[in-house]
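>>> Following is a predicted model, sequence given first.
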Amino acid sequence: MALTGLFLCTFLVGHLLGNLQLILKTGEEGRRAFNEYAYFMSHNPAIKILSWVTYISILFHAIDGILLTIQNKKARPIPYARNNPSKNSSTPARYMAVLGTLVLVFIATHMANFWYKMKISEEVPMHSFIVSVPDQSGQIQNQEFYYTHNLQLIPKDDNFSVKNGTDLYMSKMNIKIGEGYRDLHTVVMQFFSKDNDSALFAVLFYVLSMFVLSFHLWHGFASAFQSLGLNHKKYNAAIGYIGKGFAIVVPLLFAIIPIIIYLK
Amino acid sequence: MAAKSINITLKIWRQKNANTKGALETYSLNEVSTDSSFLEMLDQLNEQLINERKEPIAFDHDCREGICGMCSLYINGRAHGPETGTTTCQLHMRMFSDGDTIYVEPWRSRAFPIVKDLVVDRSAFDRIQQAGGFVSVNTSGNTMDANSLPIPKDDADKAFEAAACIGCGACVASCKNGSAMLFVGAKVSQYALLPQGKVEARDRVLNMVRQMDEEGFGNCTNTGACEVECPKGISLENIARMNREFLKAGLSSEK
Ligand code: HEM
Ligand code: SF4
Ligand code: FES
């Protein structure tokens, strides 16, 4: 519980740094930075291993948490007629299983919205953009280009075709000449943009989920250290402050990203 | 200060024995001196019940001075009542006001079955203690004087603080998970901190934790309720120490 919980905390930091690319850079540069990051996350072998560790951690943490909660409920078959637990413990500490389950619901919808489209159904279109170039007669023509991994611009026309999702081939010779990026950036931007009718709901759900995560971490962060046996006069105050700071700052930064996209 | 008296309503758990279903019964009790202790108030109620030819309420008590750990009552939603750092026998009726309704329930834990009314069977604690809460001493006649072993003052103090646990079970009663980790943490710590306890440290923590789980106590999720409600101020540090001992023993033990 503690090891998976703390691992998931480090995962949150990594995920947050990636997401911040969505708002720190704007325009074509931001789109490229985020899509390159998304490519790196799905292709780098070390990250692939890390992402499997993350899936397993979430599963293990959730299953272990639910089993613990079931056992703990059994330990008191008859409840008190009158109970006053707010006098001896914090509210988030008493609702960890509820908070965790809500986080799990969020993770499931979040993965359906982005991860599933990116990795399984491959609905995310290729990253392409339009460049205005003069043709032989000097007329300005709009030409759409793919932007590839080996820094080429490949025109989106009949001479080239896309295979396996992102591989670019010369149509006639069947030779692979580059690999494009998926445009997850545009999918995310549209998802949370106010031009999209369901975006308001999506933003609200996201922000609410971050509140839930915040409460989960409010208790969870410091709790993990106690579980691992780290309780020491010298460090308790620091762990407490860092835990509460983490529980506020990380979900807050996650939450402002969709808000900014929506308001743009 | 002049003694005052108050009139109160009590809602008390009545249950014939372990196999019957119990229920809360309501009683009115008048002219309770605010100087009386909570247990004296229950004595007064029992006298009233006996005079009415009704069955008196069974509740546990022994020393009535906060050292035996018997007076296990869950009062108005808290173990040993509204005060912290006290047992029920140390709670006084001046903590209540005229006209109050007071709920009195037994400890609620699968591992502490109800014997009758407010009396629960806390022998699960004894069995945990028997599983490892001791040091084996050779009584061959040339036993070493305990004081001949140097012990750092801080460690001795911490061991002493842990040993202050009276086994009352308030930690289990107030924990939302019904976990006994504070009790077991204290019992593991009082030996783990001392050289005499080091010899059997590995088996002790493994055996006591195994017994704790077998008794049906819940798992600790660090809510901290136990530390707040413990009449002896046993610290969560003891749970962390037990967790360390357990990790260490689990990694190195060959069993
Ligand atoms: C990004 C997601 C998550 C993070 C960062 C996280 C983090 C943590 C941490 C650090 C703890 C404290 C562990 C300890 O005290 O030993 C914890 C406890 C807990 N978590 Fe999570 N968690 C997450 C998701 C979930 C999910 C999806 C569930 C699903 C049910 C869940 C259920 C629980 C439960 C029941 C506890 C209480 C057990 C305890 O306090 O020991 N968590 N979490
Ligand atoms: S740790 Fe405190 S509350 Fe628990 S049994 Fe010992 S004295 Fe009672
Ligand atoms: S009766 Fe002994 S501690 Fe209360």
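Nice, I can see it. Given the structure is predicted, the values throughout are model-derived calculations rather than measurements. Ligands and ions are numbered 1, 2, ... in the order given.
>>> pLDDT (mean, whole number) over stretch A:37-47?
Computed over stretch A:37-47, the mean pLDDT rounds to 90.
>>> Let's check: the centremost residue of chain B is which one?
Centrality entry for chain B: nearest residue to the mean C-alpha point is B:Cys168, 1.8 Å, by Cα atoms, centre = their mean.
>>> Now it: closest residue in space, sequence neighbours ignored.
Residue nearest to B:Cys168 in three dimensions, not counting chain neighbours: B:Gly69, with 3.5 Å by Cβ to Cβ, 6 or more residues apart in numbering or on different chains. For the C-beta atoms, the positions are set from N, CA and C on the backbone; glycine is no exception.
>>> how far away is that neighbour from A:Arg76?
Distance, B:Gly69 to A:Arg76, using Cβ to Cβ, to the nearest Å: 20 Å.
>>> Same question for A:Asp197.
A:Asp197 sits 47 Å away from A:Arg76, going by Cβ to Cβ.
>>> Next: B:Met95.
Taking Cβ to Cβ, one finds B:Met95 at 26 Å from A:Arg76.
>>> out of those two, which sits in the busier spot?
A:Arg76 (22 against 16; other Cβ atoms under 10 Å in any protein chain shown).
>>> Please enumerate the strands of the stretch 51-200 of chain B.
Secondary structure of the stretch 51-200 of chain B by DSSP state E, counting those that start in this stretch: the strands cover B:74-75, B:78-79, B:101-105, B:114-116, B:119-120.
>>> Domains in chain B, by residue range?
Structural domains assigned to chain B are B:5-105, B:122-252, following automatic domain parsing.
>>> tally of neighbours for A:Ser89?
Residues contacting A:Ser89 under the criterion other Cβ under 10 Å number 22.
>>> can you confirm it is in a helix?
No - according to DSSP: H, G, I helix; E, B strand; the rest coil, A:Ser89 belongs to no helix; its state is coil.
>>> ok so, going back, if you compare the domains of chain B, which one is most tucked away?
When the domains of chain B are scored by mean count of other Cβ atoms under 10 Å in any protein chain shown, the highest mean neighbour count falls to domain B:122-252 (a mean of 19).
>>> right, is that one up against ligand 1?
Yes - Domain B:122-252 is in contact with ligand 1 by Cβ under 6 Å from any ligand atom, via B:221-222.
>>> got a markdown table for the domains of chain B, with mean pLDDT and distance to A:Ile66 too?
Formatted as a markdown table, the domains of chain B follow (pLDDT from 0 to 100; distance: least, Cβ to Cβ, whole Å):
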| stretch | mean pLDDT | distance to A:Ile66 |
| --- | --- | --- |
| domain B:5-105 | 97 | 27 |
| domain B:122-252 | 95 | 12 |
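>>> what about the ones you listed, which gets the closest to A:Ala81?
A:Ala81 lies closest to domain B:5-105 among the domains of chain B, at 5.7 Å (Cβ to Cβ).
>>> centre of the chain versus stretch A:119-132, how much separation?
In terms of Cα atoms, centre = their mean, to the nearest Å, the centre of stretch A:119-132 is found 19 Å from the chain centre.
>>> got it, and stretch A:78-92?
Relative to its chain's centre, stretch A:78-92 lies at 35 Å (Cα atoms, centre = their mean).
>>> neighbouring contacts of it?
The contact list for stretch A:78-92 (Cβ atoms under 8 Å, 6 or more residues apart in numbering or on different chains) reads A:94, A:99, A:215-216, A:218-219, B:11, B:13, B:24, B:74, B:76-78, B:82, B:103, B:105, B:108, B:174, B:176, B:223-225, B:228-229.
>>> contacting residues for the closest residue in space to B:Trp107 that isn't next to it in sequence?
Once flanking residues are discounted, B:Trp107 sits nearest to B:Ala173: 4.0 Å by Cβ to Cβ, 6+ apart. B:Ala173 sits next to B:72, B:74, B:79, B:107-109, B:112, B:229 when contact means Cβ under 8 Å, 6+ apart.
>>> ok, now B:Asn177?
A:72, A:75-76, B:218-221, B:223.
>>> switch the cut-off to 10 Å
Neighbouring residues of B:Asn177 by Cβ atoms under 10 Å, 6 or more residues apart in numbering or on different chains: A:68-69, A:71-76, A:94, B:217-221, B:223, B:225-226.
>>> Out of those, which sit inside helices?
Per DSSP state H, helices hold the following members of the contacts of B:Asn177: A:68-69, A:71-74, A:94, B:225-226.
>>> In PyMOL, how would I select just the buried ones from those?
This is how PyMOL selects the buried members of these, with burial counted by 16 or more other Cβ atoms under 10 Å in any protein chain shown:
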select buried, (chain A and resi 68+69+71+72+94) or (chain B and resi 225+226)
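>>> restrict the ones in helices among the contacts of B:Asn177 to those near ligand 2?
Answer for the ones in helices among the contacts of B:Asn177 near ligand 2: none qualify (Cβ under 6 Å from any ligand atom).
>>> can you redo the ones in helices among the contacts of B:Asn177 as CSV with distance to ligand 3?
Shown next, in CSV, are the ones in helices among the contacts of B:Asn177 (distance: Cβ to the nearest ligand atom, whole Å):
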residue, distance to ligand 3
A:Leu68, 32
A:Thr69, 33
A:Gln71, 30
A:Asn72, 27
A:Lys73, 30
A:Lys74, 29
A:Arg94, 28
B:Ala225, 20
B:Cys226, 17
